[in-house]
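# what shape does this take:
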Amino acid sequence: MSSNSSADSGPSSLPSDYLKTASFGRSEGAVSPTGDAVTASDFLMAAYDPAKLHPLADLGDKLDYLLLDDDKKNELPGAGTAMPSRGWSDDLCYGTGTMYLSGLALGGVWGVREGARRPLAVSNTRLRINSVLNSVTRRGTFIGNSAGVLALMYNGVNSSIDAFRGKHDTFGSMGAGAVTGALFKSTAGVKPAIAAAAFMSGMAGLWSYVKKSV
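Below is the predicted model:
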């Protein structure tokens, strides 16, 4: 900055008089306000490259991706049905969950019917609702748990039979149903075990036929 003033620069001069006669200029080498902005590299004196501080910097093609074979189906002969499965784990999880929820729903309906028809000593709406809720809790949990255990045993036995025989068919499913029913009622005696084995074998054969026919 250069200054040409004809006024007195002493203490008695006013600032306004000084500004009226002062002239301003830009010296050589001054940074233009519209020039390049200061970057992180300039601030760090090029000691560090911010791009290299990123966790994925310099990986390039060395990044490995986790590939999941979600579309891989069960390759056993005869396993291709209307309900595709990736193996025994799918059958075990989906079958057990579906049977458990179905048992809860069926037991709930049974409990509602039983609780609504149960005679009460005193005709009271609150007592009737309590009777219905008690019946739903008792019947729903009983049938749901029983159905879940049957599905768990059946899918485990059925998968073992398929792995041993090397194929999946209706006869294997019926055999798994018979074994499941016999084991489930084995503590009740011989006749209940045989009856349960026959019932479960028929239901398994019907379910296997429906899956292949749809």
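
# please make it C-alpha for all contacts and neighbour counts, starting now.
Noted.

# any low-confidence regions in this structure?
Residue ranges of the chain with pLDDT under 70: 1-13, 15, 18-19, 22-88, 214.

# ranges for the helices of it?
15-21, 40-43, 88-117, 125-165, 170-184, 190-213 (DSSP state H).

# highest average neighbour count across these?
helix 170-184 (a mean of 23; mean count of other CA atoms under 10 Å).

# just the C-alpha atoms of that helix, please, in PDB.
Taking Å, rounded to 0.1, in the frame of the first residue of the first chain, the C-alpha atoms of helix 170-184 are listed here in PDB:
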ATOM      1  CA  THR A 170     -43.800 -90.400  -1.900                       C
ATOM      2  CA  PHE A 171     -42.700 -93.700  -0.300                       C
ATOM      3  CA  GLY A 172     -39.900 -92.100   1.600                       C
ATOM      4  CA  SER A 173     -42.300 -89.400   2.900                       C
ATOM      5  CA  MET A 174     -44.800 -92.100   4.000                       C
ATOM      6  CA  GLY A 175     -42.000 -94.000   5.800                       C
ATOM      7  CA  ALA A 176     -40.900 -90.900   7.600                       C
ATOM      8  CA  GLY A 177     -44.500 -90.200   8.600                       C
ATOM      9  CA  ALA A 178     -44.900 -93.700  10.000                       C
ATOM     10  CA  VAL A 179     -41.700 -93.400  12.000                       C
ATOM     11  CA  THR A 180     -42.700 -90.000  13.300                       C
ATOM     12  CA  GLY A 181     -46.100 -91.100  14.400                       C
ATOM     13  CA  ALA A 182     -44.800 -94.300  16.100                       C
ATOM     14  CA  LEU A 183     -42.100 -92.300  18.000                       C
ATOM     15  CA  PHE A 184     -44.600 -89.600  19.000                       C
END
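
# could you give the angle of it to helix 190-213?
In terms of direction (axes from the mean of the first three to the mean of the last three CA atoms, to 10 degrees), helix 170-184 departs from helix 190-213 by 150 degrees.

# residues contacting helix 170-184, please?
By CA atoms under 8 Å, 6 or more residues apart in numbering, the surrounding residues in contact with helix 170-184 are 150, 153-155, 157-158, 161-162, 193-205, 208-209.

# now with 7 Å?
Residues from elsewhere that reach helix 170-184 (CA atoms under 7 Å, 6 or more residues apart in numbering): 150, 153-154, 157-158, 161-162, 193-194, 196-198, 200-202, 204-205, 208-209.

# for stretch 106-116, same thing?
Stretch 106-116 has contacts (CA under 7 Å, 6+ apart) with R128, S131, V132, S135, V136, R139, G140, I143.

# closest one of these to G103?
Nearest to G103 among the contacts of stretch 106-116, counting by CA to CA, is I143 at 5.0 Å.

# ok, the closest residue to the closest one other than its chain neighbours - contacts?
In this structure, I143 finds its nearest non-sequential neighbour in G103, 5.0 Å apart by CA to CA, 6 or more residues apart in numbering. By CA under 7 Å, 6+ apart, G103 lies in contact with G140, I143, G144, A147.

# sorry, back to before: from the contacts of stretch 106-116, pick the one nearest A188.
Lowest distance from A188 to those (CA to CA) belongs to I143, with 17.3 Å.
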